[in-house]
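K.L.:
Just the structure for this:
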Amino acid sequence: MPATTAVELTGITKRFPGVVANDDVHIRVTSGDIHAVVGENGAGKSTLMKILYGMLKPDEGQMAVDGEVVNFSSPSDAISRGIGMVHQHFMLADNLTVLENVVLGAEPRHRGTIDREAARASLEQLGASYGLDLHPDDMVETLEVGERQRVEIIKVLYRGAKILILDEPTAVLVPQEVEELFRNLRELKAQGHTIIFINHKLAEVLAIADTITVLRAGRTVATVDANAVTAQELAELMIGGDLPSPASAVHEIDEWETLTLRGVTVSDDDERDALKEIDLTIHRGEILGIAGVEGNGQGELVEAILGLRQLTGGSIIFDSEDISDWSVRRRREAGIGYVPEDRHRRGLLLDAPIWENAMLGHQTVEPFAKGALIDRSGARTATRAIVEQFDVRTPGIDTTARALSGGNQQKLVIGREVAAQPRLLIAAHPTRGIDVGAQAAVWEEFRRVSAEGLLSILLVSADLHELIGLADRLLVMLGGRIVADLDPATTTPRLLGSHMTGAAITDEEMGR
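P.N.:
Below is the predicted model of the structure:
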């Protein structure tokens with residue numbers, strides 16, 4: 001029986017002011033396949049998927065679903081044609097249950113009221129059919145990252161989706177959770193679903209996809225059989241060069257202790273201990289990696305060091321001075337740089353020009369300030385140097401940050417922090433959501449500054465290969481505690497993942 005076409009995009013073009021995001025894109029997705037779409041940031045993947053999901057309208061081109069030409073005006077139109085999208089940043093209400101999140105906006109009703117029993121029966125049937133194990137009455141705020149993702153998948157299945165778009169679905173998962181997700185996707189495929197899979201991790205793409213389409217600069221470069229291509233060949237199609245590796249060069253680590261935490265304890269927003277007596281030391285020139293499933297204290301650790309969260313116990317020593325009571329500004333001016341986890345919310349003013357973004361966090365010091373006043377000339381000169389040194393690809397420094405691709409936004413943030421010559425750089429998920437080309441640039445910069453002994457780096461990441469490749473030493477966090485101190489030279493992603501999930505931790509080690 002000949003294969004049928006689930007989705008066909010023909011000549012899709014989408015223009016924004018000064019940018020052609022999609023330029024005559026062609027993609028054909030076979031029914032029942034897992035079809036990956038890969039490409040650098042700015043290659044047009046997200047724009048294309050937003051068009052397919054009805055969030056944007058194309059300027060040119062045609063879309064067909066199950067052989068019928070469609071013209072979507074909203075996601076509701078896409079959903080009505082059996083298309084569902086699971087976004088990279090989960091769209092869940094933490095204060096609702098799994099059941100309430102799944103049916104929100106599509107509640108079954110009986111005589112004018114929500115039929116909770118019908119909703120529960122549908123949820124349990126979906127979970128059983130696709131191996132998506134969830135408890136309807138669990139509060140979403142109590143779920144692990146992988147479980148939240150399953151809620152998102154069931155949400156779109158509940159709405160009748162037969163074609164699923166997954167945007168960077170493994171970005172925050174540990175290896176065991178990735179394996180579970182892939183089992184779920186294979187089960188969905190076995191039952192006739194079509195999956196469009198967007199991902200930057202080429203090894204994962206090759207492990208799950210049947211077919212791969214490569215986009216570059218908004219154009220379709222190639223569509224290949226996943227069994228007939230290597231990661232190296234995919235990287236060459238995407239960026240025209242070799243697949244980058246995070247492996248660090250051998251370098252000397254100074255005995256000087258840049259940062260020392262002694263018994264650091266902090267509370268979360270519910271006044272429970274989010275960090276419990278944390279002890280750690282980072283030496284000058286050292287890259288210290290912090291691994292852990294999200295929600296196990298990494299965020300609170302970063303905020304405590306920066307001064308964004310008050311200590312309830314312990315002390316923080318920076319370059320031999322106790323900074324436990326210092327303000328955020330004083331810590332920043334003393335030489336602590338910060339690459340935030342979410343560049344949009346904490347790293348950039350998206351609608352401000354690049355030269356203003358280059359000042360953020362440093363606007364009180366030269367070359368961005370003269371006394372109490374902003375030095376516009378100095379700021380613009382410094383910004384041009386950052387753009388050139390860190391290869392931020394932009395038409396000019398008056399371009400808004402929003403107009404940059406994700407990778408260039410990240411290079412701007414990292415360039416801003418490194419150019420300020422800090423003594424400690426806190427880098428939280430510095431390569432999340434960026435392509436292999438931008439990853440390579442970030443890794444190379446971290447290698448350079450650590451090898452030259454210019455600064456110490458606290459690297460928090462969910463990318464286990466990145467942690468193992470870049471870090472000189474690895475700490476694992478679980479339940480607000482440090483539960484393992486590992487040598488990257490002898491650590492594997494699976495071993496690291498077992499510590500992160502608690503599989504390698506005994507009750508005695510957890511203090512129970």
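K.L.:
Sketch out the low-pLDDT regions of the stretch 101-250 of the chain for me.
P.N.:
By pLDDT under 70, the weakly predicted segments of the stretch 101-250 of the chain are 106, 108-113, 171-172, 174, 240-245, 247-250.
K.L.:
Strands of that one, residue ranges please.
P.N.:
Secondary structure of the stretch 101-250 of the chain by DSSP state E, counting those that start in this stretch: the strands cover 109-110, 113-114, 163-167, 194-198, 211-216, 219-225.
K.L.:
Show residues contacting the longest one.
P.N.:
Going back to what we said before, that points to strand 219-225. Outside strand 219-225, the residues that touch it by Cβ atoms under 8 Å, 6 or more residues apart in numbering are 23-28, 39, 44, 210-215, 234, 237-238. The way it works is simple: take the backbone N, C-alpha and C, and place the C-beta from them, glycine included.
K.L.:
Could you do stretch 77-90 as well?
P.N.:
In this structure, residues lying in contact with stretch 77-90 by Cβ under 8 Å, 6+ apart are 49, 52-54, 65-66, 70, 72, 75, 148-149, 151-153, 155-157, 159-169, 171, 433.
K.L.:
Would you mind giving the strands of the stretch 101-250 of the chain as a markdown table with distance to Ile374 and mean neighbour count added?
P.N.:
Formatted as a markdown table, these follow (distance: least, Cβ to Cβ, whole Å; neighbours: other Cβ atoms under 10 Å):
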| stretch | distance to Ile374 | mean neighbour count |
| --- | --- | --- |
| strand 109-110 | 57 | 10 |
| strand 113-114 | 55 | 10 |
| strand 163-167 | 38 | 24 |
| strand 194-198 | 40 | 24 |
| strand 211-216 | 39 | 22 |
| strand 219-225 | 41 | 16 |
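K.L.:
out of those strands, nearest to Asp319?
P.N.:
Shortest separation from Asp319 across those is recorded for strand 163-167, at 41.5 Å, computed as Cβ to Cβ.
K.L.:
partner strands of that closest one, parallel or antiparallel?
P.N.:
Its sheet considered, strand 163-167 pairs with strand 83-86 (parallel), strand 194-198 (parallel) by DSSP bridges.
K.L.:
quick one: average pLDDT of whichever strand or helix holds Gly497?
P.N.:
In this structure, Gly497 is located in helix 493-501 according to DSSP states H and E. If you average the pLDDT over helix 493-501, you get 85.
K.L.:
List the buried residues in that helix.
P.N.:
Of all the residues in helix 493-501, those buried under the rule 16 or more other Cβ atoms under 10 Å are 493, 495-501.
K.L.:
Need the distance between the two termini of stretch 10-26.
P.N.:
Between the start and the finish of stretch 10-26 there is a gap of 5 Å, counting by Cα to Cα, to the nearest Å.
K.L.:
for it, which positions count as buried?
P.N.:
When neighbours are counted by 16+ other Cβ under 10 Å, the buried residues of stretch 10-26 are found to be 12-14, 20-23, 25.
K.L.:
What distance do you get for Arg15 to Asp23?
P.N.:
As judged by Cβ to Cβ, to the nearest Å, Arg15 and Asp23 stand 9 Å apart.
K.L.:
Please apply the same query to Ser76.
P.N.:
As defined by Cβ to Cβ, Ser76 lies at a distance of 28 Å from Asp23.
K.L.:
ok so, going back, mind giving me JSON lines with the buried residues of helix 493-501 and columns for distance to Asp398?
P.N.:
Formatted as JSON lines, the entries for those read as follows, by distance: Cβ to Cβ, whole Å:
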{"residue": "Pro493", "distance to Asp398": "43"}
{"residue": "Leu495", "distance to Asp398": "49"}
{"residue": "Leu496", "distance to Asp398": "44"}
{"residue": "Gly497", "distance to Asp398": "45"}
{"residue": "Ser498", "distance to Asp398": "50"}
{"residue": "His499", "distance to Asp398": "47"}
{"residue": "Met500", "distance to Asp398": "43"}
{"residue": "Thr501", "distance to Asp398": "47"}
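K.L.:
Identify all contacting residues around the helix or strand hosting Leu275.
P.N.:
Here Leu275 is covered by strand 273-283, with elements defined by DSSP H and E. With contacts defined as Cβ under 8 Å, 6+ apart, strand 273-283 is touched by 253-268, 288, 297, 300-301, 304, 312-314, 424, 456-458, 475, 479-482, 511.
K.L.:
and the helix or strand following it, what's its mean pLDDT?
P.N.:
Scanning forward in sequence from strand 273-283, with DSSP H and E defining helices and strands, the next element found is strand 287-291. Averaging pLDDT along strand 287-291 gives 95.
K.L.:
in its sheet, what does strand 287-291 sit against?
P.N.:
strand 456-460 (parallel), strand 473-478 (parallel).
K.L.:
Centre-most residue in the chain?
P.N.:
Per Cα atoms, centre = their mean, the C-alpha nearest to the average position across the chain is that of Arg432, at 3.5 Å.
K.L.:
Help me confirm that it comes into contact with Ala462.
P.N.:
Yes: the pair Arg432 and Ala462 qualifies as a contact (Cβ atoms under 8 Å) at a distance of 7.0 Å.
K.L.:
those strands in the stretch 251-400 of the chain, which residues are they?
P.N.:
For the stretch 251-400 of the chain, the strands defined by DSSP E, counting those that start in this stretch occupy 257-267, 273-283, 287-291, 313-318, 321-322, 336-339, 369-370, 373-374.
K.L.:
Am I right that Ser450 sits in a helix?
P.N.:
Yes: residue assignment for Ser450, taken from DSSP: H, G, I helix; E, B strand; the rest coil, places it within a helix.
K.L.:
And for it, the neighbour number?
P.N.:
Burial of Ser450, expressed as a neighbour count using other Cβ atoms under 10 Å, amounts to 25.
K.L.:
do the same with His35
P.N.:
The burial count assigned to His35 is 22, neighbours taken as other Cβ under 10 Å.
K.L.:
My read is that it contacts Asn199, right?
P.N.:
No: checked against Cβ under 8 Å, the pair His35 and Asn199 is beyond contact range at 11.6 Å.
K.L.:
Could you measure from Met63 over to Arg28?
P.N.:
Taking Cβ to Cβ as the measure, Met63 and Arg28 are separated by 12 Å.
K.L.:
between the two, who's got more neighbours?
P.N.:
For Met63 against Arg28, the residue with the higher neighbour count under other Cβ under 10 Å is Met63, and the figures read 21 against 16.
K.L.:
Please identify which helix or strand holds that one.
P.N.:
strand 60-65.
K.L.:
What residues sit buried inside the helix or strand just after that strand?
P.N.:
Tracing the chain C-terminally past strand 60-65 and defining elements by DSSP H and E, one meets strand 68-70 next. Residues of strand 68-70 classed as buried: Val70 (neighbour count, 16+ other Cβ under 10 Å).
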